[in-house]
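Colleague: Take this sequence and fold it.
(4 chains, ligands or ions: 4)
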Amino acid sequence: MQTMTYREAIVAAQRDALSRNPDIIIMGEDIGAAGSPFKTTQGLFEEFGGDRVRDTPISENAFVGAALGMAITGYRPIVELMFSDFMGVCFDQIVNNIAKHRFMCGGSVEVPLVIRAMGGGGVRFGAQHSQTGETWLFPFPGLKVYCSATPSDAFHMLRSAVADKNPVVVLEHKGLMASSGEVDVNADSDSHVTGPEILREGEHVTIVASLGMVNRCLEAAEKLNEEGISAEVINIRVLRPLNTGPILESMKKTGSILVVEENHQCGGWGAEVISQMIAEGFDYIETPPRRVTLPDWPMPYSPPLEDAAIPSVDKVVETVRDMV
Amino acid sequence: MQTMTYREAIVAAQRDALSRNPDIIIMGEDIGAAGSPFKTTQGLFEEFGGDRVRDTPISENAFVGAALGMAITGYRPIVELMFSDFMGVCFDQIVNNIAKHRFMCGGSVEVPLVIRAMGGGGVRFGAQHSQTGETWLFPFPGLKVYCSATPSDAFHMLRSAVADKNPVVVLEHKGLMASSGEVDVNADSDSHVTGPEILREGEHVTIVASLGMVNRCLEAAEKLNEEGISAEVINIRVLRPLNTGPILESMKKTGSILVVEENHQCGGWGAEVISQMIAEGFDYIETPPRRVTLPDWPMPYSPPLEDAAIPSVDKVVETVRDMV
Amino acid sequence: MTDRDLIQSSITVKDLFGGKNALEIYRKMVLVREFEDRVHASFQAGLIQGSTHLCQGQEAVVVGAVAALNADDYLTYTYRGHGTCLARGMSAEAAFAEIFGRKTGVSGGLGGSMHLTDMDLGLLGSFAIVGAGIPVAVGAGISAQARKEGQVAMTFFGDGATNIGAFHESMNLAAAWQLPVIFICENNLYGEYSPILTTTPLEDLVVRSDAYAMDGYMIDGNDVNTVYETVKNCVDKARDKGGPAFIECKTYRQCGHSRSDPAKYRPEGELEQWLQKDPIEMFRKKIIDEQLASAGDMDEIRDEVKDEIEKAATGAADAPWPENTDLTKYTYVIRD
Amino acid sequence: MTDRDLIQSSITVKDLFGGKNALEIYRKMVLVREFEDRVHASFQAGLIQGSTHLCQGQEAVVVGAVAALNADDYLTYTYRGHGTCLARGMSAEAAFAEIFGRKTGVSGGLGGSMHLTDMDLGLLGSFAIVGAGIPVAVGAGISAQARKEGQVAMTFFGDGATNIGAFHESMNLAAAWQLPVIFICENNLYGEYSPILTTTPLEDLVVRSDAYAMDGYMIDGNDVNTVYETVKNCVDKARDKGGPAFIECKTYRQCGHSRSDPAKYRPEGELEQWLQKDPIEMFRKKIIDEQLASAGDMDEIRDEVKDEIEKAATGAADAPWPENTDLTKYTYVIRD
Ligand SMILES: Cc1ncc(C[n+]2csc(CCOP(=O)(O)OP(=O)(O)O)c2C)c(N)n1
Ligand SMILES: Cc1ncc(C[n+]2csc(CCOP(=O)(O)OP(=O)(O)O)c2C)c(N)n1
Ligand SMILES: [Mg+2]
Ligand SMILES: [Mg+2]
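Modeller: Ligands and ions are numbered 1, 2, ... in the order given. So this is what the prediction gives:
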């Protein structure tokens, strides 16, 4: 077990990948000598050189598309998108090419590539630099979509993604970069991507969250505990392929479910989770499932407005109180 | 009342707009003298000239972004995207610029523009030319998203979109182009975009559908009727802003709801509709809500596989039978 | 700086290809033509639904360019890419079967007319979104550069595609990293129904290579000698770490854009003029003039090809539809 | 074809601007400098969270180019666009307030440092995605062309932005339609922490205008005379239906890329060299040399500006936060 920050875990996973597999090449803007704006590739250029850690032009469409070309010709690219919002400029390559290429080839090719995209709000970057990207990718079969909520996730999910034969988008959260936690670098990475992880057990309500919302829900659970309400907190971790099995088990126990996501309600994965709970656990539901999400407007820049927009610990606590 | 095809209705709405408002300019690929590949602008170039009906280069990102520039400087563009799938190459402009510009300007500007995008499957165009685009746009506040299922929709929703002060994406379905129906060109267009329309009344189950699925659901309702099952069929029409009020009323009556959409389950609007039904009508639900959607893979090209992938009348009938 | 004069090769067929290879080149061009004609007929006959995009008239580009490649090189191309695939050696029957949506198609019927691929031949992908295959070729070029075995990547696209962002970003990236990527622009004068000058402020796209300090050539794309010679030189240079090149091939789409487009938007006489420069006829004439083969020899080849196409198309039409099963394993690689 | 020599104006300040206007130009440049310095200090002091992107060193470009416009012209620019806004006349206090996230900000605090806009001034938008504002300016150019009142649209972007698709598509569209759009490329030699040649195969981006048969000029962007003269000529031509132009302004970002970036990636001595060519100092010297004003006059202007900035920044810092209310009406226009 090592204690490291989320940011360090991202670097460590890439270092691990670069050391183990000579076919891995990292690409992105200012990820070379500069070590990336969020310092997520720090030291890798020095250690592995400019052929394997490549600074790109500001041409996301070209280098994300190039990642597909590399993946189907024997290399394994890891691409960094500095902000998840930039998926807009390379969306065609992600959803029309990368997600569908294997299928359109009749399954005759594997597309082992990783896109790391850093998203999320709370850091005063405004409407065009604060989106998590979860809802953007959720609709597309062919993609795997991971969400790292902890340093352990950041390390293991990225490491598992790199070993995967499918295209994986790993969504990371800017607000978590400096958070720290325990990482067992010798653990089995693949176990992290089988699906949701129960981070705290509870009896009265199941709370499911992703990315930056996970810690808030844990904090909320702590507060609720003081009031005698026992909440089970689940880190959903993998949006695609979505495995709601553990959530269903939890809900069967608690009879009530709350989803907390840093996305707008429309298009959020919360609706899918709830719909699956209804479909498969209808008889176990005791109270109507609830969601805490972003309000239906873009992310405001002004600090108090941004803080008010993002689901807070208090909002989670209040909502749960209202449910039980 | 006039009888016209869906395609003719699209042309008629644009002709109407061009005649009424000199600030309207239409742009797209081969929409001028060629009348557009799906013939959705036929005759407009001849009638209104090349300054108002403009053939663009293959540069969706530029001309969709240009539409924003036009809208905030006094003109009202209508942009045609030949295939909804092409939103991939201009996604940044749609979701980061167009959807958010008013907000980022503190509400000091109006963005009156229309994007028409033709999508959907069943016409053997393969994985990169068969997506409806509904799930792509559903997550984004700032956009209005309309889905035309009938010639009347095609006419009135487009006409209302053109008169709107907000950016509206009108999704049309390629498979409906030749379908015909009654259009009352003198009716109030805005009433078409207030929300869902009940196309057939029924007692036992509420079926909600969009675009190409609406006719199939009506057909299914007809078949079910023969078996003594009375289905209410609702054309959802507007995904953003989503108004589920009429659906809730219907569900309160029938106690059961089925969503049919030509989208993958994850990210589909069906999950949102169901989640809202649960939240607001929990006590009225008698059977677990169900969904019929695309399977979780890209659209296959081969005709029998494509037919099997798209929700069919039979599938709807069977699912309803299973529910009631 | 880019050479802005139209390049036409002056080497003889014999010196360039040798007699036997020349006939093979001829055969390939006829194969592409006959294949496309048959696709067209099949579409008209209802054997194909959806859409097709054919390349009759552009055979010299695809056959000449592909002939300059090695077996381990990579290619990306477009919805109009049947010719590239056949030139590279894709089975005509498997190609037909894919276009007919059959189980025996190159992609088991999942791809269709716009998506013919064969990884074993380096045929990496046929992309239906304009420009979308260009970055993919750049990626193959990165692999080639990293592997250091002298491979190159070649990408085909149209004149209209040079107006889309993916083209620009790819040219820049390939030039910045000096990747072994050969950009083949098939300037057939139209994007769909629009003549190039209605959408593009210049006609000679070769100029665009200067924007990336990249070698650029503008060539007679209907002369397979010229195509082969120019492309071969560029390929050789790229193999030898000389960086990418852009080759604008002036050519003409003898058919409509897609489906049954009658191409009425063409000015009168334009097609006829270009038919005078039909790439197959021109090459045939050269071969005869150089006495490498007789008209009879070549008729024989054509008849053989026709037979081959007939058999391939019939075989494909008789092939079964794919089974309606769970297609998850074609969507994701499933772990064992 | 594009002129590929670096253009430096030889007109005197007096002939170009006249004495009084020259001092106004000087004042604007100082205003931009002082504003940005204050933003930097405010960031360091914790008054601003998130990020800022400053333009110290690039004042001649923004002030000179904007001076060539009429009141009814349009502008789009980037996250590094504070200078453009101030040059155009945006209230410094409202700009500060926006950057501080206050209710009195130009966008009521919803936009932030990367999104200063003022429709009344034609300041259409500041875009945080590289290249994303360029198509928007093209759209404004379409409006201008349609309205036929001689308006132009101007768009500012960096050297790095010329590698993104939106730039390419916009240049092509503006040229194909001969729109009155002036493309101002602020080539400050870096995109974030990367020197231009690490990402771009050429240093003189003016070459890229040839790819669109568009007028192109490469100018000394630290000389406000040169900027004004060149841009004014292009603007006049565009107003007169002469089509778009691309102007590469060679300049230098004296600060880091954003936030508190110390810009350690710069080679030693580079900053110092460019400080020798500081646009404000250079212009000041010319004014003195031409005896249009004394050093004392200009010190006075600077002191006035400093006062103005002090007042504006303090006023903004004292302004209230926006209320936490339903923001739907800022998202959608709600019908009455
Ligand atoms: C991004 C995108 N926009 C539009 C289309 C529709 N479309 C298909 S082919 C084509 C014309 C392409 O012209 P060109 O690049 O010259 O290639 P050609 O078809 O002539 O070979 C267009 C506009 C598309 N497939 N993708
Ligand atoms: C599409 C996109 N990619 C990356 C970024 C991150 N980014 C912000 S500024 C910048 C550098 C831009 O360089 P340049 O165009 O030269 O403008 P400058 O900042 O030097 O004014 C980058 C890469 C972005 N905002 N948008
Ligand atoms: Mg063409
Ligand atoms: Mg720069």
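Colleague: Point me to the helix or strand that includes the residue lying closest to C:Ala65 once chain neighbours are set aside.
Modeller: Distance criterion Cβ to Cβ, 6 or more residues apart in numbering or on different chains; nearest residue to C:Ala65, sequence neighbours excluded, is C:Val231 at 4.7 Å. (Glycine included, C-beta is placed from N, CA and C.) Taking DSSP states H and E as the definition, one finds C:Val231 inside helix C:224-239.
Colleague: Just want the angle from the next helix-or-strand element following that helix to helix C:224-239.
Modeller: Remark: after helix C:224-239, the chain's next helix or strand is strand C:245-250, criterion DSSP H and E. Angle, strand C:245-250 to helix C:224-239, by axes from the mean of the first three to the mean of the last three Cα atoms, to 10 degrees: 170 degrees.
Colleague: pull the CA atoms of strand C:245-250 into PDB?
Modeller: Extracted in PDB, the C-alpha atoms of strand C:245-250 (Å, rounded to 0.1, in the frame of the first residue of the first chain):
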ATOM      1  CA  ALA C 245       3.900  14.000 -49.500                       C
ATOM      2  CA  PHE C 246       0.700  15.300 -51.000                       C
ATOM      3  CA  ILE C 247      -0.200  14.300 -54.500                       C
ATOM      4  CA  GLU C 248      -3.100  15.900 -56.200                       C
ATOM      5  CA  CYS C 249      -4.400  13.600 -59.000                       C
ATOM      6  CA  LYS C 250      -6.500  15.400 -61.500                       C
END
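Colleague: Any chance you could list what contacts it?
Modeller: Outside strand C:245-250, the residues within contact range by Cβ atoms under 8 Å, 6 or more residues apart in numbering or on different chains are C:6, C:60-61, C:65, C:171, C:182-187, C:204-206, C:208-209, C:212, C:214-222, C:227, C:230-231, C:234, C:237-238.
Colleague: now do stretch A:121-131
Modeller: Counting by Cβ under 8 Å, 6+ apart, A:83-85, A:119-120, A:132, A:174-175, A:212, A:262, A:298-301, A:303, A:306-307, A:309-310, B:96, B:100, B:103-104, D:48-51, D:101, D:110-115, D:127-129 sit against stretch A:121-131.
Colleague: Among these, which lie within helices?
Modeller: Members of the contacts of stretch A:121-131 lying in helices (criterion: DSSP state H): A:Gly212, A:Pro303, A:Glu306, A:Asp307, A:Ala309, B:Phe103, B:Met104.
Colleague: So for A:Leu81, what's the pLDDT?
Modeller: A:Leu81 carries a pLDDT value of 98.
Colleague: ditto for C:Ser9
Modeller: On pLDDT, C:Ser9 comes in at 94.
Colleague: cool, and the one 5 residues further on?
Modeller: C:Lys14 carries a pLDDT score of 97 in this model.
Colleague: now swap in C:Met1 and tell me
Modeller: pLDDT recorded at C:Met1 is 48.
Colleague: got the buried residues for the helix or strand encompassing C:Val39?
Modeller: Using DSSP H and E, C:Val39 maps to helix C:19-44. For helix C:19-44, burial by neighbour count (16 or more other Cβ atoms under 10 Å in any protein chain shown) applies to C:22-23, C:25-36, C:38-40, C:42-43.
Colleague: Among the contacts of stretch A:121-131, name the buried ones.
Modeller: A:83-85, A:119-120, A:132, A:174-175, A:212, A:262, A:298-301, A:303, A:306, A:309-310, B:96, B:100, B:103-104, D:48-51, D:101, D:110-115, D:127-129.
Colleague: and ligand 2, which of the residues you listed reach it?
Modeller: Near ligand 2, judged by Cβ under 6 Å from any ligand atom, the entries from those are D:Ala128, D:Ile129.
Colleague: Among the buried ones among the contacts of stretch A:121-131, which lie within strands?
Modeller: Those of those mapping onto strands are A:Gly119, A:Glu262, D:Phe127, per DSSP state E.
Colleague: count of neighbours near the residue lying closest to the last one once chain neighbours are set aside?
Modeller: Taking Cβ to Cβ, 6+ apart as the measure, D:Phe127 lies nearest to D:Gly133, with 3.7 Å between them; neighbours along the chain are not counted. When neighbours are defined as other Cβ atoms under 10 Å in any protein chain shown, D:Gly133 has 30 of them.
Colleague: So D:Gly133 sits against D:Phe157, correct?
Modeller: Yes - in this structure, D:Gly133 is within contact of D:Phe157 by Cβ atoms under 8 Å, at 7.0 Å.
Colleague: Find residues that contact each of the two.
Modeller: Common neighbours of D:Gly133 and D:Phe157 (criterion: Cβ under 8 Å, 6+ apart): D:Tyr77, D:Thr78.
Colleague: ok, back up a step: could you tell me which residues make contact with the residue nearest to D:Phe127?
Modeller: Here D:Gly133 is in contact with D:Thr76, D:Tyr77, D:Thr78, D:Gly125, D:Ser126, D:Phe127, D:Thr155, D:Phe156, D:Phe157 (Cβ under 8 Å, 6+ apart).
Colleague: For these, which two are the farthest from each other?
Modeller: Longest distance between any two of the contacts of D:Gly133 is 12.5 Å, between D:Gly125 and D:Phe157; criterion Cβ to Cβ.
Colleague: Please enumerate the shared neighbours of the two.
Modeller: Taking Cβ under 8 Å, 6+ apart as the criterion, D:Gly125 and D:Phe157 both touch D:Tyr77, D:Gly133.
Colleague: From the buried residues of helix C:19-44, pick out the ones that also neighbour chain D.
Modeller: Restricting the buried residues of helix C:19-44 to those near chain D by Cβ under 8 Å from any Cβ of the partner chain leaves nothing, as none qualifies.
Colleague: Please confirm that C:Lys286 is located within a helix.
Modeller: Yes - assessed with DSSP: H, G, I helix; E, B strand; the rest coil, C:Lys286 lies in a helix.
Colleague: State the number of residues packed around the nearest residue to it once chain neighbours are set aside.
Modeller: Counting by Cβ to Cβ, 6+ apart, the nearest residue to C:Lys286 once its immediate chain neighbours are dropped is C:Val13, at 5.1 Å. Using other Cβ under 10 Å, C:Val13 has 24 neighbouring residues.
Colleague: If I look at the one residue in the stretch 151-300 of chain A that gets nearest to ligand 4, what pLDDT would I see?
Modeller: Closest to ligand 4 within the stretch 151-300 of chain A is A:Lys174: 23.0 Å, counting by Cβ to the ion. pLDDT for A:Lys174: 97.
Colleague: got it, and C:Asp336?
Modeller: On the pLDDT scale, C:Asp336 gets 61.
Colleague: quick one on the thing from earlier: kindly reformat the contacts of D:Gly133 as CSV containing secondary structure.
Modeller: Output for those, formatted as CSV (three-state DSSP):
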residue, secondary structure
D:Thr76, strand
D:Tyr77, strand
D:Thr78, strand
D:Gly125, strand
D:Ser126, strand
D:Phe127, strand
D:Thr155, strand
D:Phe156, strand
D:Phe157, strand
